[in-house]
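# Predicted model and sequence follow; I will ask about them next.
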Amino acid sequence: MEKRILVTGGSGLLGTALKKVLPEVTKTVKDTVVFYPTSKHLNLLNKTDVDFCFRNYNPTHVIHLAAKVGGVNGNTKYVADFFTENAEININVLEASKNCGAKLLSVMSTCVYPDAEYVKYPLTEEQLHLGPPHESNFGYAYAKRMLDVQSRAYRQQHGCNFITAIPNNLYGINDHFDLENGHVIPALIRKIWEAKLSNSPEVEVWGSENTRREFSYADDIANILVNLLH
């Protein structure tokens, strides 16, 4: 069967990596949606626009990457915005995917897992709802965690083929290098580069020597997502 794949958030870090795997995907006008083989702008916060786009394009498969994202500082400062906007985006995309009968693969975030005191490492899917996420980004984390709840609810009530994936922290080409809102690896790269340019002997690094993180290259995760789409 010919696939009509719609990718939300196609100009972000993971969306850019997907374009290498799905060469038919075209460039987006803005960082909200990309679908192949054509490209249009779509406001995912507007339910009417989302419904119209899905009806018009009638995708067979949807890869849902779009989200309001940021680093620790942005997530803490704008915690309500991160929750509200991401929840609205997810509700609109899931309902539209259900209405057109598409298989939906939604990508979550490693921050959806409970804070360290509630889990055991390595993390497993069974631990997802055992406690609250870390307080630094709980608004974003809860909104993304609800993708799992929403997907299970749509599968149970409507028989939808909705699945989710939780990659760990990503890095790669087209990352976001903003010092206030960027993720850890691009922020560190920029700090070190700017320190080199200014001949500064020191770089401020957040956290402590006990901090442990896991990272994956975005292109590797993109290949995994394509396999999950079948």
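Structure received. Numbers count the residues shown, from 1 in each chain.
# center of the chain - which residue?
Nearest residue to the geometric centre of the chain (CA atoms, centre = their mean): residue 65, 4.5 Å.
# Excluding covalently adjacent residues, which one is nearest to it?
The spatial neighbour of residue 65 that comes closest, neighbours along the chain excluded (CB to CB, 6 or more residues apart in numbering), is residue 9 at 3.7 Å. The way it works is simple: take the backbone N, C-alpha and C, and place the C-beta from them, glycine included.
# The one you found: how many residues sit nearby?
25 (other CB atoms under 10 Å).
# Quick check: closest non-adjacent residue to residue 204.
Residue 204 sits nearest to residue 191 (CB to CB, 6+ apart), 7.0 Å away.
# Could you list which residues are in contact with that neighbour?
Applying CB atoms under 8 Å, 6 or more residues apart in numbering to residue 191 gives the contacts 179, 203-205.
# So residue 133 is in contact with residue 115, correct?
Yes - taking contact to mean CB atoms under 8 Å, the distance of 6.2 Å between residue 133 and residue 115 places them in contact.
# Those two: which is more packed in?
Remark: of residue 133 and residue 115, residue 133 carries more neighbours, 21 against 16, as counted by other CB under 10 Å.
# Look at the more buried one and give its secondary structure.
Put simply, residue 133 is coil when judged by DSSP: H, G, I helix; E, B strand; the rest coil.
# Mean pLDDT per helix and strand in this protein: which one sits at the bottom?
The least trusted helix or strand in the chain, going by mean pLDDT, DSSP states H and E, turns out to be strand 33-35, with a mean of 51.
# picking that back up, roughly how far does the residue nearest to residue 65 sit from residue 16?
Between residue 9 and residue 16 the computed distance is 10 Å (CB to CB, to the nearest Å).
# do residue 105 as well
In this structure, residue 105 and residue 16 are separated by 17 Å, where distance is defined by CB to CB.
# quick one, which of those two is more surrounded?
Set side by side, residue 105 and residue 16 show unequal neighbour counts under other CB under 10 Å, the larger going to residue 105 at 23 against 20.
# Not counting its neighbours along the chain, what's nearest that one?
Ranked by CB to CB, 6+ apart and with sequence neighbours excluded, the top spatial neighbour of residue 105 is residue 63, at 5.1 Å.
# Check residue 113 too.
In space, and not counting its chain neighbours, residue 113 is closest to residue 123: 5.4 Å by CB to CB, 6+ apart.
# Specify the local secondary structure of the one you found.
The three-state label given to residue 123 by three-state DSSP is coil.
# Would you confirm that it contacts residue 114?
No - the pair formed by residue 123 and residue 114 falls short of the contact definition of CB under 8 Å, at 9.1 Å.
# Among those two, which residue is more densely surrounded?
Higher neighbour count among residue 123 and residue 114: residue 114, with 18 against 15, using other CB under 10 Å.
# what's the spacing between the more buried one and residue 188?
Taking CB to CB, one finds residue 114 at 26 Å from residue 188.
# Also residue 54?
Following CB to CB, the distance that separates residue 54 from residue 188 is 39 Å.
# Settle it for me: which of the two has more neighbours?
Under the criterion of other CB under 10 Å, the comparison of residue 54 against residue 188 puts residue 54 first, with 23 against 17.
# Would you mind identifying the next helix or strand past the least confident helix or strand of the chain?
Taking DSSP states H and E as the definition, the helix or strand that follows strand 33-35 towards the C-terminus is helix 47-57.
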